[in-house]
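Colleague: Sequence first, then the predicted structure:
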Amino acid sequence: MDERKARLKSKPSLNDAIFLAQYGSDTGDYLDAVAFYRRAEEISNKTRDYSYDIFKATANAIWKDMAVFKQIFPAADAVLNAKRKNDGDIIGLARIMGRLARKKEQTNSIGFYLKAGVEAAQRSRNPNDAENLAVLRADYALYVDHDTSGALEIRKTSLGQGWKKKPEKFYNFAKWCAERKINLGEAEFYARESVRLAADNEFKAKVLFTLAEICHAQGKLDEAISLVDQAIDLDPKQDSFFETLVQYRLESGK
């Protein structure tokens, strides 16, 4: 890595810049990744567009508290203003903006990007983007129109007929509510039903973890800790389970 960095200074090459950028992303050095992607654009005389890569690395840096939330806006704007706009990138951008804004409690500032994502998903011919369109429309209703009931209706409709009889579907609904900290009573009901009907340990662990998040959001900390413990017993490979258990135990003082 040191040799590549030295060579990039003395004899700049696009391959070295991209290699170092991707290495930074892979190792969690997200701000280095941003710098190397920008260097790659300079070396290519702006003929290469790495705006979406820069956006993702910036978002990861903010998620890990390496940067402040306001730094996401110029990175996001660069994606939307790219000469060759890519609807898939814009949809991904909008979904990431939603997750990041929820974590940083900045959901009042992302309406413009959600709207761009909705429009891109509407244009898309990819059948997988029907789900993205529904989620983005629901988030727009929730965060821009402040219409929680409307957002819930959009999300439920997107799950299709008979969703209340399918454990994976009503788990998805419970998780969607948990992530947004809305409708927690109904979310808890469906998460518990999904736990009851789960067919394999990996899926059951995932549902138990979501149920723990719902209980935590409702102030039921002891139960949340117990549920994360159960999830770990079923699927001990998930680092996020252990990280959350430590967080909850610190909160409880136990």
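Modeller: Yep, that arrived. Bear in mind the structure is a predicted one, so any value in this text is a computation, not a measurement. Numbering: from 1, shown residues only.
Colleague: Need the CA coordinates for the lowest-mean-pLDDT helix or strand in the chain. PDB is fine.
Modeller: Using mean pLDDT, DSSP states H and E, the weakest-scoring helix or strand in the chain turns out to be helix 2-10, at a mean of 77. Provided in PDB are the C-alpha atoms of helix 2-10 (Å, rounded to 0.1, in the frame of the first residue of the first chain):
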ATOM      1  CA  ASP A   2       2.800   2.400   0.800                       C
ATOM      2  CA  GLU A   3       4.400   1.700  -2.500                       C
ATOM      3  CA  ARG A   4       1.200   2.400  -4.300                       C
ATOM      4  CA  LYS A   5       0.600   5.700  -2.400                       C
ATOM      5  CA  ALA A   6       4.200   6.800  -3.100                       C
ATOM      6  CA  ARG A   7       3.800   5.900  -6.800                       C
ATOM      7  CA  LEU A   8       0.500   7.800  -7.000                       C
ATOM      8  CA  LYS A   9       2.300  10.900  -5.900                       C
ATOM      9  CA  SER A  10       5.300  10.500  -8.200                       C
END
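Colleague: how far off helix 2-10 does the next helix or strand after it point, in degrees?
Modeller: Downstream of helix 2-10, the next assigned helix or strand under DSSP states H and E is helix 14-27. If you take axes from the mean of the first three to the mean of the last three C-alpha atoms, to 10 degrees, helix 14-27 sits at 130 degrees to helix 2-10.
Colleague: helices or strands up against helix 14-27?
Modeller: For helix 14-27, the packing partners by 3 or more C-beta pairs under 8 Å, 6 or more residues apart in numbering; DSSP states H and E come out as helix 2-10, helix 30-43, helix 51-63. (Each C-beta comes from the backbone N, C-alpha and C, glycine too.)
Colleague: Of those, flag the one that's most buried.
Modeller: Neighbour counts (mean count of other C-beta atoms under 10 Å) averaged over each of the helices and strands packed on helix 14-27 peak at helix 51-63, with a mean of 22.
Colleague: which residues touch that one?
Modeller: 21, 24-25, 28, 30-31, 33-34, 37-38, 67-69, 71-72, 75-76, 78-79, 82, 86, 89, 92-93, 96-97, 100, 103-104 (C-beta atoms under 8 Å, 6 or more residues apart in numbering).
Colleague: Recalculate using a threshold of 7 Å.
Modeller: Under the contact criterion C-beta atoms under 7 Å, 6 or more residues apart in numbering, helix 51-63 has outside partners 21, 25, 30-31, 33-34, 37-38, 67-69, 71-72, 75-76, 78-79, 82, 89, 93, 96, 100, 103-104.
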